[in-house]
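S.K.: structural data only, the sequence is not supplied:
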């Protein structure tokens, strides 16, 4: 029986699927992940379940597989016509708010997509590596705007993605440490001809529309083949951020070399108040000013409800 959908009145360019309808689009795609696999994929504050993988992410992996195969077929035709060709990865952008679950979404997609024989090599690259070093942010007065568009080395990020799209055999990216909360000096990761690159970041869907005074500027979004926005109500995002902060306070923050080690000494109430303050003064501002305005540019929107459960999927027509 074919899946049914409705078109959301506030977003006429999307097909709107309830979870049950979306899940039927999985068809015969097998589930090859186990609970142990999910344990290594889950975020620190997310309850990713096998039923959600079956209902939401298996149909999505099938859709992406079809898109990637179509692109591969097209490139093969061009290579045959020209008598040569380069290995160019399919780039998937994953955007959304802090604490929304971008990283978990990226990891589950990587785990599923690399099980398809057409594209076994799937790499994840986060835009965190392209943040300006703390020393530079301090000099520019931007430490309290870390994660905002101006806190990134935009040229280096665009150059990196452009090199991937040009088919270069090996492309390097800086490494970001969540322990030191800074770029790791003299350390890089190499991306060497993957079939798919999942590019995860807060601002990967920004475009020239956000900078009308710089119409000729090139953006990461110009190079994306498919884009996903992980969405949730701001109130839920705030709750998840505070919950995550509390768990980090009792785990990662206890490491003496952690940038946020001083937060580990706070009691639960003090930590909740600090997290709420950080959320409202930094992350919520970035969400409203820079991230949410890009949501309707995504090819697919995953709408989350309580407990990080995806309840609705919106697919661009």
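M.R.: Nice, thanks for sending it over. Just so it is clear, the structure is predicted and the values come from calculations on it, not from any experiment.
S.K.: so where's the chain shaky on pLDDT?
M.R.: 1-12, 44-45, 215 (pLDDT under 70).
S.K.: just the helices from it, written as ranges.
M.R.: With DSSP state H as the criterion, the chain has helices at 19-23, 35-41, 50-52, 58-82, 102-113, 134-140, 154-165, 234-249, 268-278, 284-286.
S.K.: how far is the third one from where the chain is centred?
M.R.: Using CA atoms, centre = their mean, to the nearest Å, the mean C-alpha position of helix 50-52 is found 20 Å from that of the whole chain.
S.K.: counting neighbours, which bits of it end up buried?
M.R.: If you call a residue buried by 16 or more other CB atoms under 10 Å, then helix 50-52 has these buried ones: residue 52. Backbone N, C-alpha and C define where each C-beta goes, glycine included.
S.K.: what do you get for the second one?
M.R.: Buried residues in helix 35-41, counting neighbours by 16+ other CB under 10 Å, are found at 37-38, 41.
S.K.: which one of the helices of the chain lies nearest to residue 317?
M.R.: helix 58-82 (13.5 Å; CB to CB).
S.K.: export the buried residues of helix 35-41 to CSV and tack on distance to residue 75?
M.R.: Shown next, in CSV, are these (distance: CB to CB, whole Å):
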residue, distance to residue 75
37, 31
38, 33
41, 30
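S.K.: okay, the angle between the longest strand along the chain and helix 154-165?
M.R.: Ordering each strand of the chain by length in residues (DSSP state E) puts strand 182-191 first. When axes from the mean of the first three to the mean of the last three CA atoms, to 10 degrees is applied, the directions of strand 182-191 and helix 154-165 differ by 10 degrees.
S.K.: check which helices and strands strand 182-191 sits against.
M.R.: Strand 182-191 sits against strand 122-126, strand 171-177, with contacts defined as 3 or more CB pairs under 8 Å, 6 or more residues apart in numbering; DSSP states H and E.
S.K.: one more time with 7 Å
M.R.: Applying 3 or more CB pairs under 7 Å, 6 or more residues apart in numbering; DSSP states H and E, one finds that strand 182-191 contacts strand 171-177.
S.K.: about what we covered before: which one of the buried residues of helix 35-41 is nearest to residue 158?
M.R.: Relative to residue 158, and with distances defined as CB to CB, the nearest of the buried residues of helix 35-41 is residue 41, at 29.0 Å.
S.K.: distance of the closest one relative to residue 217?
M.R.: 35 Å (CB to CB, to the nearest Å).
S.K.: swap in residue 143?
M.R.: 25 Å.
S.K.: who touches the longest strand of the chain?
M.R.: 123, 125, 131, 133-134, 164, 170-177, 197 (CB atoms under 7 Å, 6 or more residues apart in numbering).
S.K.: the residues you listed, buried ones only, as a PyMOL selection?
M.R.: In PyMOL, this line selects whichever of the contacts of strand 182-191 come out buried by 16+ other CB under 10 Å:
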select buried, resi 123+125+131+134+164+171+173+174+176+197
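S.K.: and which of the contacts of strand 182-191 is nearest to residue 82?
M.R.: Of those, the one sitting nearest to residue 82 (CB to CB) turns out to be residue 164, at 19.9 Å.
S.K.: and that closest one, what does it touch?
M.R.: Here residue 164 is in contact with 89, 91, 171, 191, 197 (CB under 7 Å, 6+ apart).
S.K.: try it again with 8 Å
M.R.: Listed by CB atoms under 8 Å, 6 or more residues apart in numbering, the contact partners of residue 164 are 88-89, 91, 171, 191, 197, 223.
S.K.: what does residue 127 give?
M.R.: Counted by CB under 8 Å, 6+ apart, residue 127 has contacts 152, 157, 199-204, 220.
S.K.: can you rerun that using 7 Å?
M.R.: Here residue 127 is in contact with 152, 157, 199-201, 204 (CB under 7 Å, 6+ apart).
S.K.: take these and keep only those in strands.
M.R.: With DSSP E as the criterion, strands contain 199-200 from among those.
S.K.: got a winner among the contacts of residue 127 for most neighbours?
M.R.: Highest neighbour count within those: residue 204, with 28 neighbours (other CB atoms under 10 Å).
S.K.: distance of it from residue 238?
M.R.: For residue 204, the distance to residue 238 - CB to CB - is 22 Å.
S.K.: swap in residue 70?
M.R.: 40 Å.
S.K.: tell me which of these two has more neighbours.
M.R.: Higher neighbour count among residue 70 and residue 238: residue 238, with 20 against 11, using other CB under 10 Å.
S.K.: let me know the outermost residue of the protein.
M.R.: Computed with CA atoms, centre = their mean, the maximum C-alpha offset from the centroid of the chain is found at residue 83, amounting to 35.9 Å.
S.K.: got the contact list for it?
M.R.: Counted by CB under 7 Å, 6+ apart, residue 83 has zero contacts.
S.K.: quick check on it: phi, psi?
M.R.: phi 80, psi 10 (degrees, to the nearest 10).
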